[in-house]
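> any chance you could fold what I've pasted below:
(chains A, B, C and D)
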Number of protein chains: 4
Amino acid sequence: MPDVAVLGASGYAGALAAALLWRHPSFELAALTSRSDAGRRLDALYPHHRVPLTMEELDLARHAEVDAAIVAYPHHAAAPVVAALRARDVRVVDLSADFRLRDQATYEQWYGPHEAPEMIADAVYGLPELGYRDAIAEADVVANPGCFPTAALLGLAPLARAGLIGDLVIDAKTGVSGAGRAATDRTHFVSVDENVSPYGIAGHRHAPEIDQELELLGAPVTCTFVPHLVPLDQGELISAYVRPSRAVSQQELDELFAEAYDDEPFVELTTVAPGVRDVRETNFCRISVHHDARSDRVLVFSAIDNLWKGTSSQAVQNLNLMFGLPEQEGIL
Amino acid sequence: MPDVAVLGASGYAGALAAALLWRHPSFELAALTSRSDAGRRLDALYPHHRVPLTMEELDLARHAEVDAAIVAYPHHAAAPVVAALRARDVRVVDLSADFRLRDQATYEQWYGPHEAPEMIADAVYGLPELGYRDAIAEADVVANPGCFPTAALLGLAPLARAGLIGDLVIDAKTGVSGAGRAATDRTHFVSVDENVSPYGIAGHRHAPEIDQELELLGAPVTCTFVPHLVPLDQGELISAYVRPSRAVSQQELDELFAEAYDDEPFVELTTVAPGVRDVRETNFCRISVHHDARSDRVLVFSAIDNLWKGTSSQAVQNLNLMFGLPEQEGIL
Amino acid sequence: MPDVAVLGASGYAGALAAALLWRHPSFELAALTSRSDAGRRLDALYPHHRVPLTMEELDLARHAEVDAAIVAYPHHAAAPVVAALRARDVRVVDLSADFRLRDQATYEQWYGPHEAPEMIADAVYGLPELGYRDAIAEADVVANPGCFPTAALLGLAPLARAGLIGDLVIDAKTGVSGAGRAATDRTHFVSVDENVSPYGIAGHRHAPEIDQELELLGAPVTCTFVPHLVPLDQGELISAYVRPSRAVSQQELDELFAEAYDDEPFVELTTVAPGVRDVRETNFCRISVHHDARSDRVLVFSAIDNLWKGTSSQAVQNLNLMFGLPEQEGIL
Amino acid sequence: MPDVAVLGASGYAGALAAALLWRHPSFELAALTSRSDAGRRLDALYPHHRVPLTMEELDLARHAEVDAAIVAYPHHAAAPVVAALRARDVRVVDLSADFRLRDQATYEQWYGPHEAPEMIADAVYGLPELGYRDAIAEADVVANPGCFPTAALLGLAPLARAGLIGDLVIDAKTGVSGAGRAATDRTHFVSVDENVSPYGIAGHRHAPEIDQELELLGAPVTCTFVPHLVPLDQGELISAYVRPSRAVSQQELDELFAEAYDDEPFVELTTVAPGVRDVRETNFCRISVHHDARSDRVLVFSAIDNLWKGTSSQAVQNLNLMFGLPEQEGIL
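Presented below is the predicted three-dimensional model:
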C-alpha cells in the first residue's frame, strides 16, 4: 500500500487531505507535518476529522521516505519543498499555485519570483475531467487546480471546446474556508455574518489560471472574474455569463454538456440550477447550463465544495489516478 | 400632519413601512390593514418594530379617509386598490410592480393582464436619485421601484447617461427577506443555510424594469440579470459588469460618479467595494466603480438593504417628497 | 442481504435513513414511501443524498415484503403502521415517539390516545449505550429515542447509575432541522437567523422520556428541560446542570465516565467542552463532564447531530444490532 | 451641551458608543481615541456607524478637556485612565469590569491586582433599573455592568427582592460580538458557523458580579453560570432556572414582574418567551417568567442586545441620567 505524507497538515486543506487519506482503503497516511502546530495531534485542532496522528516539524530525511506527498503550503513556500521531494523521488500533489501556470512570466507577474522554475514544465494540471487524466496517471508532480478554476473550467470546458465563448464574465461566490484558517479582520465572524461583498477586484490570481486552460481548450479569452465572500463555511458557486460567438440553442447546449460529462463520475448535470448545499462535503461538481434568449447569453452555474473538489478531495482523486487506483476510491 | 394608512401591513414591506411612519415626526400613522392578520396587533407579529396598532380588514369607507397610503399588496392585487384610493383622492405610494412598467404590453408579458391600465400613464417611478425628484413631489401615484432595479439603476445611471454601457451583465445577491414572509420550501432555514443558489434564471421580472429605466437614461440595452439567494436576512448586492462602449479611465469613472452623487443624501461612493452590512437597516445605497484594465470592463458594486432603500424606507423618502418634507426626515 | 424499506422517506429523518441504507454494505434499500411526495425521486427532493429511487404510496402488500422497515412517521400515525408491519413479520425501527414511553398513561398525557397500546410492552428503547444492546438485537420493534433524550441520557447515565443526580436542569440547543421539513413561520429563515429563543416552555414531550430512562437507571428525578432554537441546520447540544446528591470530585467524575464509555464506539469523552461542529454528520456523541466547585454542581455537555445520532444513523445502528452486523457498519 | 470623549473607540463597544453620541441631540461627541487605530477615521473601520471623526492617540491634556468620557478599555487598563480622568474632574462611564465589584479581594481573585483600588468605593453600578437611578445621577464614576449581569439581573431582580431564589442556574447564549473585535481562532467564521459550544466553564468573571448584586437585592446565592457561543453577531439570551424557596404561582410571578417593571421604559414583559431578534439594536431588555409546575421551577428568559443594553446604549442611558437628560434620549 503506498505511503503518503501530508506536509502542511494544520491548514484547512492539509487537514482535510489527511482525513481523507486516513480513511482511504488503499493509501497509508504515513506522516503529518506542520510548522505552526508541530507536536499537536490533528484531532486536537480538528476534532471532526478524527485523525489521531501527531504533526511534526518537517524533516525530509524521514518525511521523504514515502511514495507520495500532498503539499499544502502557501505559494512560494511550496516550490522548494516540491523540488526537495522530487529529488528524493517522491511523487507530489501540490495544492499551491506554484505549478499551475505554465508560463513563468505570467506566474511571476501575479505571484512574484518563482522558486523552482525548472520544474514548471513537468507539472501536470490536476483537473482530470479537462483531459488530463492520462497525464496525471504518469505525472510526478500534479499541480492541483485552484478552487475557482476547478468550478469555472468544469462549467466552461464544453463551451470552450465548441468555440462558443465570445466573451466571458465569471461572478464567483465562496464560503469563508476559502480564505484559510488565519484569523483576520476579514474572517472574523462579525465581518462575514449578514454580509456579502466582492474582493480581489484589482485582479484575482485565479483569473490567469482560468484563461490559460480555456485557451488550451481552444478559447482564447481574457475573462472578467470577481469573487464574492458569502456567509457560509464551505461551498463555491460559479455564475458564468458567456456571450456566444454564434447562435446556439438550449438543445445544442444540453447535448454538448451531456457529451462532455455523461461518463464523468464526479460531474453532475442538472436542469435546476445547483446550490452549494447539493455538493457539500463531496467531490462532485454540479452544473447547469441555460440559454437566456432575452439577452442571448449562455449562463453556466457550477457548484463545488471549495475544500473538497476545489482542493483536497480532488488531490486524492489525482493520487488515485497516479497510483492506478479506481478514481473514486476513498472520496465517494 | 398628514395621515397615512399602510395597506397590507402584515408582510415584511408593509410592516417596516408602518414602523417607519410610526416614528416619523411629520406623518400620522392612521391605520393598518391586513387580510391574513386582521385583528392582530402589529407588535405581536413583529415585536422588534414595536408598533402597538391593530391591523384591520380593509374598509375603504374608513381607510381612504387619509391623505396618503402605502400599498403593500402583491402585483395584480395592488392596481384596483390603488385605483379605488385615487377615486377618493388619496395619494399613493405603491410597493407592487403594477405601475413600474410604462408599457402595458411589457407589463402583461411579465405579469399577466393589468387591472388598471388607464392609470399607468400617471404613475411616477419612485427613484428620486434618477431624476424623478420633482415629478414625485407632484405625483398622486408613485410606483416604488423594485429592490434589484433600485440598486442596479443607482449603480448604472452615471454610465448610462454618459453613453458608456455597451453590454451589461448584472449578477445580484439577495437576502431571504426579499422572498417575503411566506413560509415555503425555499425560505425554510435548512434550504437557505450554508447555501447559495441562483433563481429566476428563465427571466426575472426586474430585468425589463431595469432595461426601461436605462433606456430612458440613454442606454438602450437588454441586460442579462440573474439574482442569487444568499444566507442572510436583509441586504442586496448588485455586481454589474459593463463592457464600455468606448475607452474609459478610472479617473473618468470617478468623476462621473462624483458628479452624479455628490449631492445625493442617500448615495455613498466608496473606493473599497461595499458589503451589505455597511447599509443594513438604512436608506443608503453604497456604490463603488472600478475599471478592470485586464479585461477592459467597468465593474460596479451597489449595496442596499432590500427592505429599506429597496422597499419601505424608499417609500417614505417618496412620501417625504410628495408632502414637501425634508427628504431625509424619519429615515436617517 | 436483508431488505429494508423506509416508510415516510420525504422528511428529513426518513430521507437520511434512506441515504445511509443506500450506501450500507449489508442492507438492501428495497423501497421508499411517502404520502406527500409519492412519484418523485428522492434525489429530486434531496440532491445531496444522491438516492435515485422513487417514492411510492404505501402499499403494505408490496412494502411489507421486506425483512425490516424504518418508520419515519409522525407520532400517532406511526403506531398503526408499525402494527401492520409486525402482523406481516417485518422487524421495525420506529422513529416516532409512539413506543418510547413504557407507561400508556404517560404517553396519553403528552401525546393523546395511543393507537396500538398492546404493542408497547414489546418495544425496546433503542439506545444501545444505555444497556439495551442485547435487547435490541432480539427486538422486533425498536423505539428509536428522541434526539434530546439521546444526548441527555448519554450525558447523564453515568451520574444516574452512581446515584449522583440530586436535582437536574437540562438546557438544550438545537438546529432547525429538528423542527422538521414543514415550512412554517418558525422555520422561516428570517425567523431563525440572528435569533435564539426557547420553546416548549409549557412542557416538552422529551422530558418524560428522559425521566423514564433516568429512573430505570436508578435516578428518580423530574427534570427541568427547556430546548432552544439556534441558527444552524444540524446539531444539538445538551447542557445539563446536576446538583450532586453527595460530594463528588472531578477525578471521580472522570473515572465514572471513562468506565461507562471507554468501550463505546460512538461516545467520545473530551476535557474541552464539545461543540456541535465536532459531531456534524456523524453518529458520535461527544461529552465532557466538569465539577463546578464554586457552586458545587456537576456540568455535563453532550453534543450530537440531531439527524444522525439523534435520529437516523442511530436507527441504522439499531438495525445493525438487530441483524447481527457490526454495530458501526455503514455509519462510521 | 456637554462634551463627551470616547476612549478606546476602535473596539465594538467604543465604536457603538461613539455612534450613539454622534447622533445624540444633547451631547457633543468631542473626541475619539484609540491605540491601535490612531489616525484612522471611525467610518473607515465601521462604515455602518457613519461617524466621520478621526481617532487619536490618547493625550490627557486635550482629551480630558471634556465634561464626560466613556472609557472602553480592557480591564486593568481602564482603572488608571479612569483615575486620571477623575483627577481632571471628568465624569466617567467605565465599560470595563474594573469598578463593578465592590470587594477588592473578589476583584483580584477573578481579574488580578486592581490598579486603582482607592476609587472602588465611589463607583456606582450602572444598572438604573436595579435601584441605582438616583445614585447614577450623582455619580462621578459609573461602572457599566457586564452584558450577562445586565440581562441576568434584570430577569432575576423581582425574584431576588421577593426572597424567592432558592437555587440558581443561569445558562447564557451570546453572539460573537461579545468576544470583541480581536480576530482569533475562536472568532473565526468557520469556528462559529454551524456550531454552538459552552465556554468559561472553569468560572466566568460575570458570575461573581451577578452574585454581588443578587445579594444586595436580598438573595445570597452562588449561581451556576455557563455562557455559550451561538452563531449570530449581536444578541444575548439568559435562561435562568430558579428553584423557588417557597411555593409560588404563575399569577404571583406575573404580579411581581409587573410591579417591578411596568414603569421602566426599557424593560418589556412578554408572555411568549423572547428571542434576541426582538431586541436587536435596541436598549430594551425583554423578559418572560414562567412557573414550571412539573418540576416546580421558575424559568426566566431575558433577552438583550449585548452591544446595546449589554454595553454601549446602557452607557448612554447612564450618561443621560448623570447629566439630567431624559433617560431615553438618543437611544430609543
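
> how far off centre is the top helix by length along chain A?
In chain A, with assignment by DSSP state H, the single longest helix is helix A:147-161. What separates the centre of helix A:147-161 from the centre of its chain is 12 Å, taken as CA atoms, centre = their mean, to the nearest Å.

> name the helices or strands packed onto that helix?
strand A:165-174, helix A:206-216, strand A:224-229, strand A:236-244, helix A:250-261, strand A:285-292, strand A:297-304 (3 or more CB pairs under 8 Å, 6 or more residues apart in numbering or on different chains; DSSP states H and E). For glycine as for every other residue, the C-beta is placed from the backbone atoms N, C-alpha and C.

> make JSON lines out of these and add mean pLDDT and mean neighbour count.
Shown next, in JSON lines, are the helices and strands packed on helix A:147-161 (pLDDT from 0 to 100; neighbours: other CB atoms under 10 Å in any protein chain shown):
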{"stretch": "strand A:165-174", "mean pLDDT": "98", "mean neighbour count": "24"}
{"stretch": "helix A:206-216", "mean pLDDT": "98", "mean neighbour count": "22"}
{"stretch": "strand A:224-229", "mean pLDDT": "98", "mean neighbour count": "25"}
{"stretch": "strand A:236-244", "mean pLDDT": "98", "mean neighbour count": "26"}
{"stretch": "helix A:250-261", "mean pLDDT": "98", "mean neighbour count": "16"}
{"stretch": "strand A:285-292", "mean pLDDT": "98", "mean neighbour count": "23"}
{"stretch": "strand A:297-304", "mean pLDDT": "98", "mean neighbour count": "27"}
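
> export these to JSON lines and tack on distance to A:S36?
JSON lines is the format used below for the helices and strands packed on helix A:147-161 (distance: least, CB to CB, whole Å):
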{"stretch": "strand A:165-174", "distance to A:S36": "24"}
{"stretch": "helix A:206-216", "distance to A:S36": "25"}
{"stretch": "strand A:224-229", "distance to A:S36": "24"}
{"stretch": "strand A:236-244", "distance to A:S36": "25"}
{"stretch": "helix A:250-261", "distance to A:S36": "40"}
{"stretch": "strand A:285-292", "distance to A:S36": "31"}
{"stretch": "strand A:297-304", "distance to A:S36": "27"}
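
> among the ones you listed, which is nearest D:T187?
strand A:224-229 (15.9 Å; CB to CB).

> and the closest one, does that touch chain B?
Yes: contact of strand A:224-229 with chain B is found when judged by CB under 8 Å from any CB of the partner chain, involving A:T224, A:V226, A:H228.

> stretch A:94-108 now?
No: Stretch A:94-108 is not in contact with chain B by CB under 8 Å from any CB; minimum separation 12.0 Å.

> give me the contact list for that stretch.
A:8, A:13-14, A:17, A:70-79, A:82, A:110-111, A:114-117, A:119-121, A:123, A:125, A:141-146, A:149, A:205, A:208-209, A:212, A:311-312, A:315 (CB atoms under 8 Å, 6 or more residues apart in numbering or on different chains).

> quick one, what contacts the residue nearest to A:A207 when sequence neighbours are not counted?
The shortest distance from A:A207 to any non-neighbouring residue, by CB to CB, 6 or more residues apart in numbering or on different chains, is to A:F225 (4.3 Å). A:F225 makes contact with A:F148, A:A152, A:V169, A:I170, A:A172, A:H204, A:H206, A:A207, A:I210, according to CB under 8 Å, 6+ apart.

> quick check: the second one vs chain C, distance?
To tie it back to what came earlier, the one meant is A:A152. According to CB to the nearest CB, to the nearest Å, A:A152 stands 21 Å off from chain C.

> surely that residue meets A:S239?
No: with contact defined as CB atoms under 8 Å, A:A152 does not reach A:S239; the gap is 9.9 Å.

> overlap in contacts, these two.
A:I170, A:A172.

> I'd say A:L21 and A:S313 touch.
No: taking CB under 8 Å as the definition, A:L21 is not a contact partner of A:S313, at 10.6 Å.

> what residues does the stretch 151-300 of chain A put near chain C?
Residues of the stretch 151-300 of chain A lying near chain C (CB under 8 Å from any CB): A:D193, A:E194, A:T270, A:P274, A:R277, A:D278, A:V279, A:R280, A:E281, A:T282, A:R286.

> one more time with 10 Å
Applying CB under 10 Å from any CB of the partner chain, we find that the stretch 151-300 of chain A lies next to chain C at A:193-194, A:231, A:233, A:268, A:270, A:272, A:274-282, A:284, A:286.

> can you turn the buried part of those into a ChimeraX selection?
To isolate the buried ones among those in ChimeraX, judged by 16 or more other CB atoms under 10 Å in any protein chain shown, type:
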select /A:193,194,231,233,268,270,274,275,276,277,278,279,280,282,284,286
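
> straight-line length of stretch A:200-218, end to end?
Length of stretch A:200-218, first residue to last, CA to CA, to the nearest Å: 27 Å.

> can you give me the strands for chain A?
For chain A, the strands defined by DSSP state E cover A:3-7, A:28-33, A:55-56, A:68-71, A:91-94, A:124-125, A:141-143, A:165-174, A:197-198, A:224-229, A:236-244, A:267-269, A:285-292, A:297-304.

> quick one: which of the residues of strand A:224-229 next to chain B is nearest chain D?
Taking CB to the nearest CB as the measure, chain D lies nearest A:H228 of the residues of strand A:224-229 next to chain B, at 14.6 Å.

> can you pull the contacts of that closest one?
By CB atoms under 10 Å, 6 or more residues apart in numbering or on different chains, A:H228 lies in contact with A:171-174, A:196-200, A:237, A:239, B:171, B:173, B:196, B:228, B:230, B:237, B:239, B:273, B:275, B:301.

> coming back round to it: please flag which of the contacts of stretch A:94-108 sit within helices.
Filtering the contacts of stretch A:94-108 for helices - DSSP H - leaves A:13-14, A:17, A:78-79, A:82, A:110-111, A:149, A:208-209, A:212, A:315.

> distance from the chain centre to stretch A:20-34, please.
Distance, stretch centre to chain centre, for stretch A:20-34: 19 Å (CA atoms, centre = their mean).

> any residue of that stretch touching chain C?
Yes: Stretch A:20-34 lies within reach of chain C by CB under 10 Å from any CB, at A:R23.

> what residues sit buried inside that stretch?
Those would be A:L20, A:L21, A:W22, A:H24, A:F27, A:L29, A:A30, A:A31, A:L32, A:T33, A:S34, for stretch A:20-34 by 16+ other CB under 10 Å.

> how far away is the fourth one from A:D292?
Distance of A:H24 to A:D292, given as CB to CB, to the nearest Å: 42 Å.

> mind listing what the residue lying closest to A:A139 once chain neighbours are set aside touches?
With sequence-adjacent residues excluded and distances taken as CB to CB, 6+ apart, A:A139 is closest to A:V124, at 3.9 Å. Listed by CB under 10 Å, 6+ apart, the contact set of A:V124 reads A:99, A:132-143, A:318, A:321-322.

> same thing but 8 Å
Residues counted as contacts of A:V124 (CB under 8 Å, 6+ apart) are A:Y132, A:A135, A:I136, A:E138, A:A139, A:V141, A:V142, A:A143.

> count the residues that sit near the nearest residue to A:L256 once chain neighbours are set aside.
Using CB to CB, 6+ apart and skipping the chain neighbours, the partner closest in space to A:L256 is A:P158 (4.4 Å). Neighbourhood size, A:P158 [other CB atoms under 10 Å in any protein chain shown]: 21.

> might one say that A:P158 is in contact with A:F257?
Yes: applying CB under 8 Å, one finds A:P158 in contact with A:F257, separated by 5.1 Å.

> any idea how far D:L60 is from the closest residue to chain D within the stretch 1-150 of chain A?
Closest contact between the stretch 1-150 of chain A and chain D, by CB to the nearest CB, is at A:Y12 (7.5 Å). Per CB to CB, A:Y12 is found 46 Å from D:L60.
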